[in-house]
Every structure is written in structure tokens, then in C-alpha cells.
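Colleague: Fold the stuff below for me.
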Amino acid sequence: MKRFFIYILSVIALSGIECSAQAQAMQRNLTLDEAIAMARRNSVDAAVALNELKTAYWEYRTFRANLLPEINFSSTLPSYNKNYNPYQQSDGSYTYVRNDYLGLSGNISIDQNIWLTGGKLSLSSSLDFMKQLNGDKTRQFMSVPIALTLTQPIFGTNTIKWERKIEPLRYREAKASFLSATEEVTMTTINYFFNLLLALENVNIARQNLENAQKLYKVAIAKREMGKISENDVLQLKLNLLNAESDLTDNESTMKSNMFKLCSFLDIDGDTELVPIVPDSIPQVELVYQNVLDKALENNPFAINIRRRQLEADYNVAKARGNMRQISLYAQVGFTGTHNELSQSYNHLKDNQIVEVGIKIPILDWGKRRGQVKVAESNREVVENQLRQETMNFHQNLFILTEQFNNQRRQLNIACEADEIANRRYNTNVETFMIGRLSTLDLNDAQTSKDEARQKRINELFYYWYYYYQLRSLTLWDFVSDTSINADFEQIIKQ
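Modeller: Have a look, this model is predicted:
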């Protein structure tokens, strides 16, 4: 029997140890740097930014491939016809003849876009075969061993030349936008992190206030029995106790909600209890607006976006002007041969030249094309005004943000000192109330000041980090190490 009880006690003890270990395993300390790193790897926002970068990368790769030679093969295998077609006789009358033949054709070409002129140069070789299936059932081969073809618009818009200006900017903008989006993920992480940190601090404050309210209420009851305080003071402390219990419940609910939001954003198991660690230091940097502006204009996607949109507006004007008249040149030179034997069709070749100049000039379009040019020019002026306004707003917001960041360090230092003073004042007022030399109103005021000072300290710390990473997002510059924020895009895209 004794051994049985010892066994039961051992099982209970081991179970308690295991439960304690599991509870500790579910709790996780989390620094701000760790949260930022996890968000950049696991968050949905980071995944969206990566997908947008990959889309821009493949669009740019497509543009680059369009500038390189392209090898194409086309064929008809086979073409069978058995039908009636109109045929004009020598006297001018028409009759219908019946066709019944089998045809095969193949063509291979090397095509190269000419970005300087906007034309296209092709080097091709083709072979055609046709066999009559009725009558004398003859067959015929026609070969074009080599042909050089030029297709060139004369007054049209050189689309390739404009793309060479616009597409590299678009890809640079996409890369800068990815880096900026990564910093914005950091800003979102900071928001969630400090919301949880503030919620946990509010819970700790509410628990401390509840303990103090319980202690003070017990002391008040004892003093009331001795006639040292009024019934009104006792009721006020009872009300403080009830409010403290209510505040603790509300703050615990808010804390759990913020805990769940941060876990979801970081892709962490929702059962994990995160304990955010307050950053023990802040970057000691003082920023100069002109330096910040220079970095932003050099690296920010907005600056690249301005140049791209200006080029696109100019391109639309050039395209509208090019559509007012269209003249195109088509020229082909080469050799061709025909025979009823395949090998002989490549002998006794004859030269083959084609030159065509196509013209399309509107005689009367009621001002449609001229109107299109005016619309494009008007749209360009609108874009230029928008870009001018957006640039002014960008400079203004950057200046305000720089000033806010420089001021925030001073605000944080003041908040830290105020927090320490308010905490000491509250502790002193509690001791003074215990000996009956302080009213409940003064005690409540000290408690409110203490709570607000602690919350303000955390809020000021949040704003400092938020402003700092917002500046990093706008400038793509690390002001602590004084280096640009960059990435190995080829490696990132392969992920």
C-alpha cells in the first residue's frame, strides 16, 4: 500500500513537471528585431511584395528578349483542298474549275527587331510542295533557300525605342518598391509589436492597481472602524476596487486580441504566448533634411515613378502624332527555284525581289487625329501638373517626418523621466495615504498620472521606431550604418 501511494505521488509530480515544461514551451520572448525578421520571411504582406517583384522581373525579361534575335518555324502539315474556284477564260468569261490537291509548306526565319529605327529584319528559308490528286497527278516543289526581308515604318512611332527608355525605369521602380514594401512590413510589425507591448503593460498596471486597491480598501475598512476616515472615502475606495477589477478584465481581453493579431501576422501558432521585449537602446542619429531628401530622390520608387510617368506621357503624344500619317516600307530580296523534284528545286535559282511602299494619309477625318494629338498633349500637361504637386507634397512630408524624428528622441527622454517621477510620486502618495495624510482624490490623481506616464513612455518609444523605419522606407538608406538598403534580387526571385 505504501509503495502504491509513492507511485501515485511520483506520477503526479512528473505530470506537474511536464505541464510546467509545456507551459514554458508555449511562452516565447520576442525582441523587436526578431519580430521584424520573422515578418519579412513569413507575413502575407512580404509574400505579396515578392510576387509583385517576380511579375516585374519577368516583364522586364520579356522586354529584354524582344531586343534579341528570335528563331521561328512555321509550317502547314498538310493542306488538303477539294473544291471549286472561279477561273477567267481567254474570252473574259468565268467558269469554275475543280481543284483537288495536297500541299505542304515550311518556313524557318531569324527575326531581329531594330530598336534604332523601329523596323524588323528577317532572314528566312522556305519550302513549298503541291501535288495534284486528279488529272495528271503532277507534283511541284518551290524553294526559297534564302530571303532577306525588311519591314520599316517611315513616319510611325518607334515603340521599341520608347520601351528602351521606359522599361528599365519600370523595373528599377519595381525593385525599389520591393525594398520599400519590405520596410513597410517592418512598420506594420512595429505597430503590432507595440500594441501588444502596451496591452501587456496595461495588464500589469491593472493588476498592480487591483492589488493596491484591495490593500487600500482593507486599510480603509480598518480605519473606518476606528473612525479615522469617512464613509465617503470607504465607498470611494470600494468603487476604485470595482473599477480596477473591470479594467483588468478589459485589458486582458485587449491583450489577447493584440497577441492573436501579432501571431497571425508573423505566422506563429496562436497558442504561443508572446512576451515582447522592450528595445534597450535606440539609434543615436540626428538627421539633416537635405541629406535625407538627396537619399530619397536617389533611391525612392517615387522619384523613379516620376520619371517613368513623364516618359509615358511623352510617348503617348509621340504615338498620337505618328498616327496622323502612316508610311511603311516592305522590301525582300532572295532567290527561288521550282521543280517537280526536291533536289532540283534548289538548282537554277532565280532572283526574287519585292519592294512595297504603303501609304495611309487621311484626306478628311474631321479633325479626329489632330484631336487625338491635342488630347495626348493635354493629358501630358495634366500629368506634369500632377507630378509637380506630388513632388511638392513628397518634399513637404519628408521635411515634416525628418523634424518629427529629430524631435521624437527628446520627447522619448522626457517621457522616460516623467514615467519615473510619476511612479515615485504614486508610491509616496500610497505611503502618505496609509498614515492618513492624503485624500482619496489625491491618491486617484497620482494613480492616473502614473498610468498615463507609463503609457506615454511606450507610445513615444513606438513613434520613435515608427518614424525611423518610415524614413528608411522613403530613402532606402540605413542611417545607423550609413549604407544603402539593397538586396540580391536574382537570389530573391529564385526563392
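
Colleague: and the gap between the closest residue to Ile154 other than its chain neighbours and Ala376?
Modeller: With Cβ to Cβ, 6 or more residues apart in numbering as the criterion, Ile154 has its nearest non-adjacent residue at 4.0 Å, and that residue is Ile327. (Each C-beta comes from the backbone N, C-alpha and C, glycine too.) In this view, Ile327 and Ala376 are 21 Å apart by Cβ to Cβ, to the nearest Å.

Colleague: Between those two, which is the more surrounded one?
Modeller: Of the pair Ile327 and Ala376, Ala376 is the one with more neighbours under other Cβ atoms under 10 Å, namely 19 against 14.

Colleague: where's the more buried one, which helix or strand?
Modeller: Using DSSP states H and E, Ala376 sits within helix 368-434.

Colleague: How about the following helix or strand past that helix, which residues are buried there?
Modeller: Note on helix 368-434: by DSSP H and E, the next helix or strand toward the C-terminus is helix 440-475. By 16 or more other Cβ atoms under 10 Å, the buried positions in helix 440-475 come out as 440, 443-444, 446-447, 449-451, 453-458, 460-475.

Colleague: So what's the gap between helix 440-475 and the chain middle?
Modeller: 30 Å (Cα atoms, centre = their mean, to the nearest Å).

Colleague: From the contact counts, what lies against it?
Modeller: helix 159-225, helix 231-266, helix 289-299, helix 368-434 (3 or more Cβ pairs under 8 Å, 6 or more residues apart in numbering; DSSP states H and E).

Colleague: Let me have the ones you listed in TSV, extended by mean pLDDT.
Modeller: Listed next are the helices and strands packed on helix 440-475 as TSV, based on pLDDT from 0 to 100:
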stretch	mean pLDDT
helix 159-225	89
helix 231-266	90
helix 289-299	92
helix 368-434	91
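
Colleague: Export these as a markdown table, with columns for distance to Ile277.
Modeller: Below are the helices and strands packed on helix 440-475 laid out as a markdown table (distance: least, Cβ to Cβ, whole Å):
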| stretch | distance to Ile277 |
| --- | --- |
| helix 159-225 | 9 |
| helix 231-266 | 13 |
| helix 289-299 | 29 |
| helix 368-434 | 17 |
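
Colleague: Now for the residue sitting furthest away from the middle of the chain: which residues touch it?
Modeller: Each residue of the chain has a distance to the centre, and by Cα atoms, centre = their mean the biggest one is for Asp91: 73.7 Å. Not one residue lies near Asp91 by Cβ atoms under 8 Å, 6 or more residues apart in numbering.

Colleague: Could you tell me what pLDDT the model assigned to it?
Modeller: Note for Asp91: predicted pLDDT of 87.

Colleague: so the residue nearest to Ile154 sits in a strand?
Modeller: Yes: assessed by DSSP: H, G, I helix; E, B strand; the rest coil, Ile327 belongs to a strand.

Colleague: Enumerate every residue touching it.
Modeller: Contacts here follow Cβ under 8 Å, 6+ apart; on that basis Ile327 touches 153-156, 357-361.

Colleague: switch to 7 Å and redo it
Modeller: 154-155, 357-359 (Cβ atoms under 7 Å, 6 or more residues apart in numbering).

Colleague: What's the separation between it and Lys319?
Modeller: Distance from Ile327 to Lys319, by Cβ to Cβ: 16 Å.

Colleague: Not counting residues beside it along the chain, what's closest to Ser180?
Modeller: Nearest residue to Ser180 in three dimensions, chain neighbours excluded: Ser473, at 5.1 Å (Cβ to Cβ, 6+ apart).

Colleague: what's the answer for Leu248, then?
Modeller: Closest to Leu248 by Cβ to Cβ, 6+ apart is Ala206, at 4.0 Å.

Colleague: what residues are up against that neighbour?
Modeller: 244, 247-248, 251.

Colleague: In CSV: those residues, plus neighbour count and distance to Thr62.
Modeller: Output for the contacts of Ala206, formatted as CSV (neighbours: other Cβ atoms under 10 Å; distance: Cβ to Cβ, whole Å):
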residue, neighbour count, distance to Thr62
Ala244, 22, 65
Asp247, 19, 60
Leu248, 18, 60
Asn251, 20, 54
